[in-house]
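Visitor: What follows is a predicted protein model with its sequence.
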Amino acid sequence: MKLYANEISSATSRVRIALAMKGVQVDIVTVGILGDGAENRQADYLGINPQGLVPALQTDEGELLTQSLAIVEYLDERFPLPPLLPKDGAGRAFSRSIALAIASEIHALVPPRVAAHLARIPGMGATGVVAWIRHWILEGLSAVEARLATRRTGPTWPATRRRSRTFSCSRNRSTPSARVSNWSNGQISRRSWIGCGTSRRLRRMCRRRGADPGDG
């Protein structure tokens, strides 16, 4: 299989985490997503994925799958062990609702292409764009936390894997909405906000750009 991806894309990260949990190896094709001349907006890539977004997964059968959550569900169905969702129907629905709240209600409002469009609106400016991103992340994650607080949770992944450095979130144990608030007030570094399961290069780029690592 072949994954069209970019390491600063959080949507790509969803798929790569699922691949890692499943132990599935794929060929990675890096697609640039930043700037007016970004590779994902050029004819070659648009011929592959007309949306011009990452990630996109080309299956062994030649089918192109797009949208991170659809790709993750495909991987879970094709490689059923270990399962990514709970066994009971209500648990699966709850897990999907949290994933959709992040992908559809938060991420959809803050990727680079949205920020670039906002920056072109007269009077918006860089400060206005950052305020827009900060608002939707804070509001969205606060709602997600409230939803999570209504359910008891427990370990769903083998202990040896939970201790994996790749998925460690030990740099900052405050809640996501607290991290957004503290980040906006300059009380913590962007590195500690981004720190869960991301590469050093991603952290450096996020610190430089001061934005959420969304997709293209």
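Guide: Cool, the structure landed. Just so you know, these numbers come straight off a predicted model, no measurement behind them. Numbering: from 1, shown residues only.

Visitor: For residue 2, grab phi and psi.
Guide: Main-chain torsions, residue 2, degrees, to the nearest 10: phi -130, psi 130.

Visitor: ok, now which ones touch residue 64?
Guide: Contact partners of residue 64, counting by C-beta atoms under 8 Å, 6 or more residues apart in numbering, are 48-49, 56-58. Where you see a C-beta, it was placed from the backbone N, CA and C, and this is true even at glycine.

Visitor: Rounded mean pLDDT for the lengthiest helix in the chain, please.
Guide: In the chain, assigned by DSSP state H, the helix with the most residues is helix 125-148. Model confidence over helix 125-148, given as mean pLDDT, is 93.

Visitor: swap in stretch 90-99?
Guide: Across stretch 90-99, the average pLDDT comes to 94.

Visitor: what packs against whichever strand or helix holds residue 21?
Guide: Residue 21 is located in helix 10-22, with elements delineated by DSSP states H and E. Identification of packing neighbours for helix 10-22 by 3 or more C-beta pairs under 8 Å, 6 or more residues apart in numbering; DSSP states H and E yields strand 2-5, helix 68-78.

Visitor: Please enumerate residues in contact with the shortest one?
Guide: By that I understand strand 2-5. Under C-beta under 8 Å, 6+ apart, the answer for strand 2-5 is 12, 15-16, 19, 26-31, 45, 48-49, 54-58.

Visitor: Which parts of the chain are strands?
Guide: If DSSP state E is used as the criterion, the strands of the chain fall at 2-5, 27-30, 56-58, 64-66.

Visitor: Redo these as JSON lines? Include mean pLDDT.
Guide: What follows is the strands of the chain, written out as JSON lines (pLDDT from 0 to 100):
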{"stretch": "strand 2-5", "mean pLDDT": "98"}
{"stretch": "strand 27-30", "mean pLDDT": "97"}
{"stretch": "strand 56-58", "mean pLDDT": "97"}
{"stretch": "strand 64-66", "mean pLDDT": "97"}
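
Visitor: so which of those comes closest to residue 96?
Guide: Nearest to residue 96 among the strands of the chain is strand 64-66 (17.2 Å), distances taken as C-beta to C-beta.

Visitor: Need phi/psi at residue 6.
Guide: Backbone torsions for residue 6, taken as degrees, to the nearest 10, come to phi -150, psi 130.

Visitor: swap in residue 111?
Guide: phi -70, psi 170.

Visitor: ok so, going back, rebuild the strands of the chain as JSON lines, extending it with distance to residue 112.
Guide: Shown next, in JSON lines, are the strands of the chain (distance: least, C-beta to C-beta, whole Å):
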{"stretch": "strand 2-5", "distance to residue 112": "15"}
{"stretch": "strand 27-30", "distance to residue 112": "16"}
{"stretch": "strand 56-58", "distance to residue 112": "17"}
{"stretch": "strand 64-66", "distance to residue 112": "17"}
